[in-house]
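Engineer: One predicted model, sequence on top.
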Amino acid sequence: MNNDNRNQKATYIADTGLGETFTDSVTSVGFDGANFRIELAVGRMSGEGGSRQSTVHPVARLVIPMNAASEFLQKLGGAFADLEKQGVLKKATAPGRQPVPEIAN
């Protein structure tokens with residue numbers, strides 16, 4: 001790829017066949033020196049009656065290079081800031097810890 005092509009913005013092509021994956025927990029985040037490796041999971045209840053047991057099932061494993069992870073963090077931070085401005089989220093601070101966004105009541 002020559003220098004002229006590197007400065008051009010790529011064309012986004014939507015894939016209407018791409019499905020969504022629901023997750024309700026992040027089970028692990030690691031960094032291997034080049035990429036972040038993130039495992040997402042969903043909690044489920046199994047069994048019946050008094051023998052019901054909570055289980056966690058991995059649903060996706062993402063591998064994200066540093067530049068894309070940085071972009072993701074920036075966009076997610078902006079989304080959280082917008083939700084705070086709208087009053088949907090408020091920052092809760094535990095003693096000795098960074099403020100953590102939580103859903104406003």
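Structural biologist: Cool, got the structure.
Engineer: Below-threshold pLDDT in the chain: ranges please.
Structural biologist: For the chain, applying pLDDT under 70 flags the ranges 1-5, 93-105.
Engineer: can you map out the helices along it?
Structural biologist: 3-6, 66-85 (DSSP state H).
Engineer: could you dump the ones you listed to a markdown table with mean neighbour count and distance to Asp32?
Structural biologist: Yep, even glycine has a C-beta here, placed from its N, CA and C like the rest. Converted to a markdown table, these look like this (neighbours: other C-beta atoms under 10 Å; distance: least, C-beta to C-beta, whole Å):
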| stretch | mean neighbour count | distance to Asp32 |
| --- | --- | --- |
| helix 3-6 | 7 | 25 |
| helix 66-85 | 12 | 10 |
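Engineer: Take stretch 28-43, keep the C-alpha atoms, and write them as PDB.
Structural biologist: Taking only C-alpha atoms (Å, rounded to 0.1, in the frame of the first residue of the first chain), the coordinates of stretch 28-43 have been written out as PDB:
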ATOM      1  CA  SER A  28     -11.300 -11.800  31.600                       C
ATOM      2  CA  VAL A  29      -9.200  -9.100  30.100                       C
ATOM      3  CA  GLY A  30      -5.500  -9.700  29.200                       C
ATOM      4  CA  PHE A  31      -2.800  -7.900  27.200                       C
ATOM      5  CA  ASP A  32      -0.200  -9.900  25.300                       C
ATOM      6  CA  GLY A  33       2.100  -7.000  24.400                       C
ATOM      7  CA  ALA A  34       0.200  -6.200  21.100                       C
ATOM      8  CA  ASN A  35      -3.400  -7.100  21.600                       C
ATOM      9  CA  PHE A  36      -6.100  -7.000  24.300                       C
ATOM     10  CA  ARG A  37      -7.800 -10.400  24.700                       C
ATOM     11  CA  ILE A  38     -11.300 -10.000  26.200                       C
ATOM     12  CA  GLU A  39     -13.700 -12.800  27.100                       C
ATOM     13  CA  LEU A  40     -17.400 -12.000  27.400                       C
ATOM     14  CA  ALA A  41     -19.900 -14.300  29.100                       C
ATOM     15  CA  VAL A  42     -23.600 -14.600  30.000                       C
ATOM     16  CA  GLY A  43     -25.000 -15.900  33.300                       C
END
